[in-house]
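S.K.: Any chance you could fold what I've pasted below:
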Amino acid sequence: MKKSLIALSSMLMLGGTAHAQKVAFEEYDLANGMHVILHNDPTAPVVITSVMYHVGAKDEQPDRTGFAHFFEHLLFEGTENIKRGEWFKIVSSNGGVNNANTSDDRTYYYEVFPSNSLQLGLWMESERLMHPVINQIGVDTQNEVVKEEKRKSYDNRPYGQIFQEVKKNMFTKHPYRWTTIGSMAHLDDAKLEEFQAFNKKFYIPNNAVLVVAGDISNPAQTKEWIEQYFGSISKQPAIVRQSFVEEPIVKQINATFEDPNIQKPMMILAYRTPSMKTRDARVLDFISSILSDGKSSRLYKKIVDEKKMALEIGAFNQSQEDYGTYITYGLPQGDFTIADLMKEVDQEIVNLQTELISEKELEKLQNKYDSDYVDGNSNVEGIASNLASYYLLYGDVNLINTEIEMYHSITREEIREVAKKYLNPNQRLVLDYVPAKDKADNK
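M.R.: This next block holds a predicted model:
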C-alpha cells in the first residue's frame, strides 16, 4: 500500500527532535498476549496508531507465495463495521494518512491522525484485527491490484528481477528464496478458505505489537481505550514456526538471467550474511558505507569518478531476521565489461580484508550513523516503526536507544575480520544479469 491520501509530512517532521536524545517509551502486555508500546511526544498535535504482525513472506508455503503481501492490501477492504471502500474515506475525512508495508519477516499497518482522533485510530486497527471481512469480491479485487503492482514494479521494470534471481539462487531451503510479492499463479489458484485460514493463523493479538506514538495527552485514557478495543480479542494458539538452516556456501555459484527490459548488463555479486540481530550485520553495514556511500566512497571514487568504468556502482547489506544478503552491483560503461568491474570490486574488498581503514574513515562512519540515528527518530512515524521492529524482530525495544552505541564500538579490526569472514569469492553468487537475446536469435 504505497500511496498516502493526505500529506502530513510537515506536521510529522515537527513530532521529534533535531538532536540525538533518548526515546522514552512504556511497554506492557495485554492479557491476550498483544504487546503494547507507548511513546509520548507532545511537540506536535499528531499521533500514530500502528500494528506490526510477525508474518511475512517467509511464513508462506512454497506453493502459496505472496500471501503476506496480499494481506497488506486485503486488510484494507473493510470490516464488519467499516463498509467496503470506506477505510480511506474515514481516514482522509478525519485529516489523516495511512499506509502499510510487507517484508519477508513482518507486515506493518499504521494511521497518522491529528491527536484528537487517537480513539478513532485505535478503533480502526482493532477492527482490522477483530472483524476483517475476507470474501471473494475482496480477494478478486486485490488480486488485480497486486498483479498490476507486479507488472509495474517487477515484470516490466528495467532490472526489476534482480532480487528474485538473487534470492532463488542464494537460498535452497529457507523461504527467503521467493520474493515478497510472490507468484500470481499461486494467488490465482488459492481458494477463499485458504486466505481465511491464513488470516486466522497469523493476524492474532499474540502475534502482534501495537505502537501508539505522538501527542498522547492522556496516557491513562489511552490505556483504557487500548483495553476497550483490543483487550477483548481472544488469544489464539501460539504459532509454531519451522526453522530453516542453509548449508554454508563454499563454492562460487554462477547463474544467468536475461531481462527483456534492459540494454546493458549489470554486475551482481551476492553473499549470504548473518541475521540482522548479530553484531556482524552491523559491521557489514559499515563496510557498505565504506565501499559505496556517497561520491567519496571507495568504489564510487575509483570506478565511477576516476576510472570512469561504470555508470553506477554500489554495495549494501540487506539484513533480515534469519539471514542477510550482501549485494554489490554495477553498470559498466563504454568498452568496460562486467569482468572489469568485478576485478576492481574484488580488489577493494581484498583491501578491506588485509588493511585497516584509517582512523579518519572510522570517525566519518560513526558521524554518518549518528546522523542516520537522528534522522530515523526525527518524527513519530519513524519512531513508531523503529519501536515495533526492535520489539518484534530483535526482541529488545531499547535498541532504539542503544544500537547506536553498538555502531560506535565497532573497531577497525572488526571491519577487517568481518570482510574476511563473509566476502570471499567462494562464498558468493555471481549473477550474469544480461539483456534478453533478440527474438531472431532465439528462433
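
S.K.: C-alpha from now on. contacts and neighbour counts both.
M.R.: Fine.

S.K.: which residues touch residue 65?
M.R.: By Cα atoms under 8 Å, 6 or more residues apart in numbering, the contact list for residue 65 reads 57, 178, 180-183, 186-187.

S.K.: any idea of the pLDDT on the closest residue to residue 383 other than its chain neighbours?
M.R.: Nearest residue to residue 383 in three dimensions, chain neighbours excluded: residue 377, at 5.0 Å (Cα to Cα, 6 or more residues apart in numbering). On pLDDT, residue 377 comes in at 93.

S.K.: coming back round to it: make CSV out of the contacts of residue 65 and add secondary structure.
M.R.: Formatted as CSV, the contacts of residue 65 follow (DSSP: H, G, I helix; E, B strand; the rest coil):
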residue, secondary structure
57, helix
178, coil
180, coil
181, coil
182, coil
183, coil
186, helix
187, helix
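
S.K.: CA atoms of stretch 195-215 as CSV?
M.R.: In CSV, the C-alpha atoms belonging to stretch 195-215 read as follows (Å, rounded to 0.1, in the frame of the first residue of the first chain):
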residue,chain,number,x,y,z
PHE,A,195,-7.0,-16.8,2.7
GLN,A,196,-9.3,-17.0,5.6
ALA,A,197,-7.1,-19.7,7.2
PHE,A,198,-4.0,-17.5,6.7
ASN,A,199,-5.7,-14.6,8.5
LYS,A,200,-6.9,-16.8,11.3
LYS,A,201,-3.4,-18.2,11.9
PHE,A,202,-1.3,-15.1,11.7
TYR,A,203,-3.3,-11.9,12.3
ILE,A,204,-3.9,-12.5,16.0
PRO,A,205,-3.1,-10.4,19.1
ASN,A,206,-0.4,-12.7,20.4
ASN,A,207,1.5,-12.3,17.1
ALA,A,208,1.4,-8.5,17.1
VAL,A,209,2.7,-5.3,18.7
LEU,A,210,0.6,-2.2,18.9
VAL,A,211,2.6,1.1,19.0
VAL,A,212,1.0,4.4,19.8
ALA,A,213,3.3,7.3,19.4
GLY,A,214,3.0,11.1,19.4
ASP,A,215,0.8,13.5,21.3
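
S.K.: just to revisit the earlier point, right, and the residue nearest to residue 383 touches residue 371 too?
M.R.: No. Contact criterion Cα atoms under 8 Å: residue 377 and residue 371 do not qualify, at 10.1 Å.

S.K.: Which residue of those two possesses the greater neighbour count?
M.R.: residue 377 (27 against 14; other Cα atoms under 10 Å).

S.K.: I'd like the distance between the more buried one and residue 389.
M.R.: From residue 377 across to residue 389, the span is 13 Å (Cα to Cα, to the nearest Å).

S.K.: what's the answer for residue 372, then?
M.R.: Relative to residue 389, and taking Cα to Cα, residue 372 is found at 16 Å.

S.K.: Neighbour count: these two, which is higher?
M.R.: Set side by side, residue 372 and residue 389 show more neighbours around residue 389, with 22 against 14, by other Cα under 10 Å.

S.K.: can you confirm the more buried one is in a strand?
M.R.: No. According to three-state DSSP, residue 389 belongs to no strand; its state is helix.

S.K.: Just give the number of residues close to residue 382.
M.R.: For residue 382, the count of nearby residues is 17 (other Cα under 10 Å).

S.K.: which residues does the nearest residue to it once chain neighbours are set aside contact?
M.R.: Among residues not flanking residue 382 along the chain, residue 376 sits closest, at 5.6 Å (Cα to Cα, 6+ apart). Under the criterion of Cα under 8 Å, 6+ apart, the neighbours of residue 376 are 382-383, 386.

S.K.: Which one of those is nearest to residue 42?
M.R.: Of all the contacts of residue 376, residue 42 sits closest to residue 383, with 13.7 Å by Cα to Cα.

S.K.: That closest one and residue 26, how far apart?
M.R.: To residue 26, residue 383 is 13 Å away according to Cα to Cα.

S.K.: higher neighbour count, these two?
M.R.: Each of residue 383 and residue 26 has its neighbours counted (other Cα under 10 Å); residue 383 has more, 24 against 11.

S.K.: ok, and the more buried one, which helix or strand is that part of?
M.R.: helix 380-389 (DSSP states H and E).

S.K.: Where does pLDDT dip in the stretch 301-443 of the chain?
M.R.: 438-443 (pLDDT under 70).

S.K.: one more time with 50, if that's ok
M.R.: 439-443 (pLDDT under 50).

S.K.: Tell me the confidence at the closest residue to residue 79 other than its chain neighbours?
M.R.: Taking Cα to Cα, 6+ apart, and ignoring the residues beside it in sequence, residue 79 has residue 132 as its nearest neighbour in space, at 4.3 Å. Residue 132 carries a pLDDT score of 97 in this model.

S.K.: Angles on the backbone of residue 132, please.
M.R.: phi -70, psi 140 (degrees, to the nearest 10).

S.K.: and the gap between it and residue 24?
M.R.: The spacing between residue 132 and residue 24, counted by Cα to Cα, is 33 Å.

S.K.: of those two, who's got more company?
M.R.: residue 132 (21 against 12).

S.K.: hang on, the earlier thing: same list, the contacts of residue 376, but as TSV with distance to residue 197 please.
M.R.: Below are these laid out as TSV (distance: Cα to Cα, whole Å):
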residue	distance to residue 197
382	32
383	32
386	29
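
S.K.: picking that back up, farthest pair in the contacts of residue 65?
M.R.: Using Cα to Cα, these reach their maximum pairwise distance at 178 and 187, which is 14.0 Å.

S.K.: Between these two, point out the one with more neighbours.
M.R.: Remark: of residue 178 and residue 187, residue 178 carries more neighbours, 25 against 22, as counted by other Cα under 10 Å.

S.K.: was I right about that one contacting residue 164?
M.R.: Yes. With contact defined as Cα under 8 Å, residue 178 counts as touching residue 164 (6.5 Å).

S.K.: residues touching the closest residue to residue 396 other than its chain neighbours, list them.
M.R.: Counting by Cα to Cα, 6+ apart, residue 390 is the residue found nearest to residue 396 once chain neighbours are left out, at 5.6 Å. Counting by Cα under 8 Å, 6+ apart, residue 390 touches 396-400.
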